[in-house]
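>>> How does the following fold in three dimensions:
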Amino acid sequence: METKVMDFGQDVNLSGKVLDSATNKPVEGATVFVKEMNKTIFSDQKGRYSFNLEKGKYQLQVYSLGSETISQQIILQKDTVIDFYL
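Okay, here's the model as predicted:
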């Protein structure tokens, strides 16, 4: 008898930093929004953010007061690190 392992619903981690594009310093309190999940988190004082999401395709929006919004579509298949420069 053969057993198949399915990974439906398996979460992967999306993390990274939000940095100031002029100074490379961390941006605290930047908004990171995952449109399809209607999930929002804020970067910490070191600019870090982290989500646990199911594998799939997502539209991310990242912004902070006084900066333009960055929109990026990603496909998550494994743990992924993405840094954003505002």
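>>> where does the protein dip in pLDDT?
Residue ranges of the chain with pLDDT under 70: 1-9.
>>> same thing but at 50, please
For the chain, the stretches flagged by pLDDT under 50 are 1-7.
>>> could you pull out the strands for it?
11-19, 31-34, 39-42, 48-54, 56-63, 70-76, 80-81, 84-85 (DSSP state E).
>>> Put together JSON lines for these, with distance to K25 on each row.
Yep, even glycine has a C-beta here, placed from its N, CA and C like the rest. Shown next, in JSON lines, are the strands of the chain (distance: least, C-beta to C-beta, whole Å):
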{"stretch": "strand 11-19", "distance to K25": "7"}
{"stretch": "strand 31-34", "distance to K25": "17"}
{"stretch": "strand 39-42", "distance to K25": "16"}
{"stretch": "strand 48-54", "distance to K25": "13"}
{"stretch": "strand 56-63", "distance to K25": "16"}
{"stretch": "strand 70-76", "distance to K25": "17"}
{"stretch": "strand 80-81", "distance to K25": "18"}
{"stretch": "strand 84-85", "distance to K25": "11"}
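>>> Reformat those strands as JSON lines; add mean neighbour count.
Output for the strands of the chain, formatted as JSON lines (neighbours: other C-beta atoms under 10 Å):
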{"stretch": "strand 11-19", "mean neighbour count": "18"}
{"stretch": "strand 31-34", "mean neighbour count": "18"}
{"stretch": "strand 39-42", "mean neighbour count": "12"}
{"stretch": "strand 48-54", "mean neighbour count": "16"}
{"stretch": "strand 56-63", "mean neighbour count": "16"}
{"stretch": "strand 70-76", "mean neighbour count": "13"}
{"stretch": "strand 80-81", "mean neighbour count": "12"}
{"stretch": "strand 84-85", "mean neighbour count": "18"}
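>>> who's in contact with the residue nearest to Q73 when sequence neighbours are not counted?
In space, and not counting its chain neighbours, Q73 is closest to Q59: 5.3 Å by C-beta to C-beta, 6 or more residues apart in numbering. By C-beta atoms under 8 Å, 6 or more residues apart in numbering, the contact list for Q59 reads 34-36, 71-73.
>>> Great, nothing more from me.
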